[in-house]
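1. Predicted structure and sequence below. I'll ask about it afterward.
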Amino acid sequence: MTDLAGRRAFVTGASSGIGLATSRALALAGARVAMLSRNLDKLKPLAASIGEAAFALRGDVREFRSLQIAADHLKKKWGAPPDIVVANAGVVQTGEIASMDPAAWAEVIATNLTGAFHTARAFLPELLTSKSDLVFIGSIASYQSFPTWGAYCASKAGLLAFARSVAAEVRQKGVRVSIVAPGAVDTEIWPGGKKPPAEKMLKPEDVAAAIVTAVSADRRASYDEVRVMPAAGLL
Ligand SMILES: NC(=O)c1ccc[n+]([C@@H]2O[C@H](COP(=O)([O-])OP(=O)(O)OC[C@H]3O[C@@H](n4cnc5c(N)ncnc54)[C@H](OP(=O)(O)O)[C@@H]3O)[C@@H](O)[C@H]2O)c1
């Protein structure tokens, strides 16, 4: 069920939290994994710790060119494009809208929503040439809204709408699109004072397991929208 031998994966936001756990889980299941984030010094030793199946790429999902370069590089390195792409990179900025810095709003939308578009836009032409998987990391905030999380909720609700549109475009063409939407996960993304207690949260490995299940399922089945919630938490 989770045999990914021969598969080639690309994960954005791979230096921490869900992206790192997903890279590890994909490699453990047999895939080769290209890991992308902005800080190469941080990412390189993490990729090395996974082993030969993994390698690090510097890139910023806010810049389309960054994703194009990554796509070209992978095709050369592997002699074939990835057949699993995980658009995971994300940031949080919180604050009441009445006083929110427009630059903070712009950063959240540019990373979480436009960054996912950039990732899909750069890799879809190649994903469409084989049986492949495109996974977007949504959130409980794709479905529910919370005070002071307006920018984040808008980015993740927008991502859900975008991912559903992509899914409808490509599902007859061999690309499975999954939206994996976790509740609270114990990672570095949480702003100070907002983080629930650890025992009320998921671990990044729980989300990684859902992603591996989705991409390794028989091609008959598509895990279109997967909500993974902490069993003991409220969100
Ligand atoms: N933690 C939760 O409770 C939770 C719940 C639901 C959904 N999510 C979603 O899960 C995803 C991963 O979050 P996480 O919790 O694992 O957070 P995290 O531990 O803070 O990891 C975020 C990752 O994204 C990278 N990143 C940020 N901006 C980037 C950019 N412009 N270009 C490339 N990489 C970028 C970071 O590395 P660099 O800074 O080095 O680039 C890091 O590797 C996000 O989309 C988040 O919204 C998280």
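-> The structure has been received and is ready for your questions.

2. What residues does this protein have near the ligand?
-> Proximity of the chain to the ligand, by CB under 6 Å from any ligand atom, involves residues 12-19, 37-39, 42, 59-62, 88-91, 111-112, 115, 137, 139, 182, 184-185, 187-189, 204. Glycine gets a C-beta too; all of them are placed from N, C-alpha and C.

3. Separate out the buried members of the residues you listed.
-> Neighbour-count burial (16 or more other CB atoms under 10 Å) is assigned, among the residues of the chain next to the ligand, to 12-19, 37, 59-62, 88-91, 111-112, 115, 137, 139, 182, 184-185, 187, 189, 204.

4. hmm, back to that, which ones among the residues of the chain next to the ligand lie within helices?
-> When helices are assigned by DSSP state H, the members of the residues of the chain next to the ligand inside them are 17-19, 42, 115, 204.

5. tell me the SS of the residue of the chain most remote from its centre?
-> The outermost residue of the chain, judged by C-alpha distance from the chain's mean C-alpha position using CA atoms, centre = their mean, is residue 98 at 30.0 Å. Secondary structure assignment for residue 98 (DSSP: H, G, I helix; E, B strand; the rest coil): helix.

6. All the strands of the protein, residue numbers only.
-> Across the chain, reading from the start of the chain, the strands by DSSP state E fall at 8-12, 32-37, 54-58, 84-87, 132-137, 175-182, 225-228.

7. In TSV: the ones you listed, plus mean pLDDT.
-> Compiled in TSV, the strands of the chain are given as follows (pLDDT from 0 to 100):
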stretch	mean pLDDT
strand 8-12	99
strand 32-37	98
strand 54-58	98
strand 84-87	99
strand 132-137	98
strand 175-182	98
strand 225-228	98
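
8. can you list the ones you listed in CSV and add distance to residue 71?
-> Output for the strands of the chain, formatted as CSV (distance: least, CB to CB, whole Å):
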stretch, distance to residue 71
strand 8-12, 8
strand 32-37, 10
strand 54-58, 10
strand 84-87, 9
strand 132-137, 13
strand 175-182, 15
strand 225-228, 25
